[in-house]
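# no FASTA, just this:
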Ligand code: GDP
């Protein structure tokens, strides 16, 4: 899905706007300065268009050096976005920090819609017009608090947002792109160091590669892979407040650029909420997934038994993802990553011919029809794989298809066709 990022300095009303777009209220109460959330992206929909909304408002800290940090954060958000809503406080007017973000926006070349927020009364219109001076085109007067003007703003955003994510169309030729992600201290940098080793790759040797300075080419068994956005791994972030949010934003950036993500978990301690969130970030982004349990050198029988129960309980929705157990410290089993990555990518790329798909589904739905509801029987008439990377299926049906039945179909599709290591999407279109 295309990514729309909401960017701006603290307290301009980004989170309020995000809540408006998502049509929810709950986070408004959290909207006090200094309160951090660490979720950064949400599935969103506007006028029938689906997209991923990235909220950078979770990290509003009142510390020295804020200006530089706002810029750094904005830069990450802009890099992962396909279009940006830049929020400025119309009452305050443009500040130096705003100007700084404007420069980043210009350099990125990404489409921008300028939101002049806090235009609560008629007099605010004039304030909004002052923002023409930023050189980002027409300022859209908005009151995120009251909802005013958000419709026009979003319409403008939808007009510039591409229908497909640029990262989603990563070309299949050239080295494949992998994100190494996981919460702080699971061992990402240790693993990267272990597998990248002393092997330094001269980038020019690989034809047709454009290098993003935060990406790193790593040879695994002689084959080059792009490890994307490794800067966040190499450069330790030393900060207390907002560190989780920052890590989440980095993670999102890496996932958006990658085709497959290795989510690193610490096998020696219980799974945390942050671990689960990283896993959902990958699935929601529609990327192939490999789960790697690190610190296996610390395991004993008790811990191993506990872990098995935990996997059955907490990761039951992700049974399709392959798991590898490794030790970044000793290097144990790190060579097993490559075949698992390759399998996940093969599934991610897989296309099932329409004939085969329908032959299979025809038999399946004949043997297991959709449950009767109110005397009515929905039937699946036809199915097609609308896309790969990840595989997306569209079912054409005569009526409403229940979520449970959809999951049943997904399970059977996986049993029949594999798809180990990739999320798959199933949507339903009802034909009268
Ligand atoms: P990151 O924040 O995910 O990049 O984690 P680091 O790579 O900085 O590792 C965090 C801590 O875990 C460090 O003290 C590492 O030495 C330690 N560590 C990483 N991998 C392993 C491992 O496989 N086994 C053990 N015992 N410790 C590890």
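It's in. Keep in mind that this is a model prediction, so the values were computed, not measured.
# what's the distance between residue 246 and residue 191?
Shown here: residue 246 relative to residue 191, a distance of 20 Å by C-beta to C-beta, to the nearest Å. From N, CA and C alone the C-beta is placed, and that goes for glycine too.
# could you do residue 319 as well?
24 Å.
# okay, now the domains of this structure?
With domains defined by automatic domain parsing, the chain comprises 3-160, 170-348, 354-430.
# what's the closest of the ones you listed to the ligand?
Nearest of the domains of the chain to the ligand, taken as C-beta to the nearest ligand atom: domain 170-348 at 3.0 Å.
# what residues are up against residue 332?
Counting by C-beta atoms under 8 Å, 6 or more residues apart in numbering, residue 332 touches 296, 297, 326.
# ditto for residue 398
377, 378, 379, 381, 430, 431, 432.
# residue 143 too?
Contact analysis of residue 143 by C-beta under 8 Å, 6+ apart lists 117, 118, 119, 120, 124, 149.
# hmm, 7 Å instead?
118, 119, 120, 149 (C-beta atoms under 7 Å, 6 or more residues apart in numbering).
# any idea how far the most centrally placed residue in the chain lies from residue 348?
The residue lying closest to the centre of the chain (C-alpha atoms, centre = their mean) is residue 285, at 4.1 Å. Distance of residue 285 to residue 348, computed by C-beta to C-beta: 12 Å.
# show me what from this structure comes close to the ligand.
Applying C-beta under 6 Å from any ligand atom, we find that the chain lies next to the ligand at 182, 184-190, 233, 294-295, 297-298, 327-329.
# how about 8 Å then?
Within reach of the ligand by C-beta under 8 Å from any ligand atom, the chain has these residues: 182-193, 233, 236, 264, 266, 268, 294-298, 326-330, 332.
# do a quick rundown of the helices in the stretch 1-150 of the chain.
Listed in chain order, the helices of the stretch 1-150 of the chain (DSSP state H, counting those that start in this stretch) span 14-22, 66-80, 96-108, 124-129, 150-160.
# point out the most buried one among those helices.
helix 14-22 (a mean of 23; mean count of other C-beta atoms under 10 Å).
# between that one and helix 150-160, how many degrees?
With axes from the mean of the first three to the mean of the last three C-alpha atoms, to 10 degrees as the basis, helix 14-22 and helix 150-160 are set at 80 degrees to each other.
# gap between helix 14-22 and the chain center?
Mean C-alpha position of helix 14-22 versus that of the full chain (C-alpha atoms, centre = their mean, to the nearest Å) differs by 18 Å.
# point out where the stretch 201-350 of the chain drops to low pLDDT.
Scanning the stretch 201-350 of the chain with the threshold set as pLDDT under 70 gives 201-213, 234-243.
# if you set the cut-off to 90 instead, what comes out?
201-226, 228-250, 253, 257, 274 (pLDDT under 90).
# hmm, back to that, relative to residue 337, which of the helices of the stretch 1-150 of the chain is closest?
Of all these, helix 66-80 sits nearest to residue 337, with 24.2 Å by C-beta to C-beta.
# quick one: mean pLDDT over the closest one.
Mean per-residue pLDDT for helix 66-80: 75.
# repeat that for stretch 381-398.
On average, stretch 381-398 scores 93.
# tell me the buried residues in that stretch?
By 16 or more other C-beta atoms under 10 Å, the buried positions in stretch 381-398 come out as 383, 385, 389, 390, 391, 392, 393, 394, 395, 397.
# and the fourth one, which of the three is it?
It refers to residue 390. Judged by DSSP: H, G, I helix; E, B strand; the rest coil, the three-state class of residue 390 is coil.
# I figured it was touching residue 286, is that so?
Yes - between residue 390 and residue 286 there is a contact under C-beta atoms under 7 Å: 4.5 Å.
# need the contact list for residue 258.
Shown in contact with residue 258 (C-beta under 7 Å, 6+ apart): 177, 178, 179, 228, 287.
# quick check: closest non-adjacent residue to it.
residue 179 (3.6 Å; C-beta to C-beta, 6 or more residues apart in numbering).
# look up how far residue 1 lies from the one you found.
Residue 179 sits 17 Å away from residue 1, taking C-beta to C-beta as the criterion.
# also residue 143?
Residue 143 is 28 Å from residue 1, by C-beta to C-beta.
# quick revisit: redo the contacts of residue 398 as TSV? Include secondary structure.
Output for the contacts of residue 398, formatted as TSV (three-state DSSP):
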residue	secondary structure
377	coil
378	coil
379	coil
381	strand
430	strand
431	coil
432	coil
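# between the residues you listed, which is nearest residue 154?
Nearest member of those to residue 154, counting by C-beta to C-beta, is residue 430, at 26.6 Å.
# these two touch, right, the closest one and residue 394?
No - between residue 430 and residue 394 there is no contact under C-beta under 7 Å: 11.3 Å.
# what about the residue nearest to residue 119 when sequence neighbours are not counted, how many neighbours?
In space, and not counting its chain neighbours, residue 119 is closest to residue 141: 4.1 Å by C-beta to C-beta, 6+ apart. Residue 141 has 23 neighbours, counted by other C-beta atoms under 10 Å.
# tell me who's in contact with residue 141.
Shown in contact with residue 141 (C-beta under 7 Å, 6+ apart): 90, 116, 119, 124, 125, 128, 149.
# residue contacts, the last one?
Read that as residue 149. 119, 140, 141, 142, 143.
# of all pairs in the residues you listed, which one is the farthest apart?
With C-beta to C-beta as the measure, no two of the contacts of residue 149 lie farther apart than 140 and 143, at 11.0 Å.
# check which residues of stretch 367-375 are buried.
residue 370.
# what mean pLDDT does that stretch get?
What stretch 367-375 shows for mean pLDDT is 90.
# mind checking how far residue 41 is from residue 422?
Residue 41 is 19 Å from residue 422, where distance means C-beta to C-beta.
# actually residue 309, not the one I typed
For residue 309, the distance to residue 422 - C-beta to C-beta - is 26 Å.
# could you check which of those two has the larger neighbour count?
residue 422 (27 against 9).
# that one contacts residue 347, doesn't it?
Yes - contact criterion C-beta under 7 Å: residue 422 and residue 347 qualify, at 4.1 Å.
# need the overlap of contacts for those two.
Common neighbours of residue 422 and residue 347 (criterion: C-beta under 7 Å, 6+ apart): residue 288.
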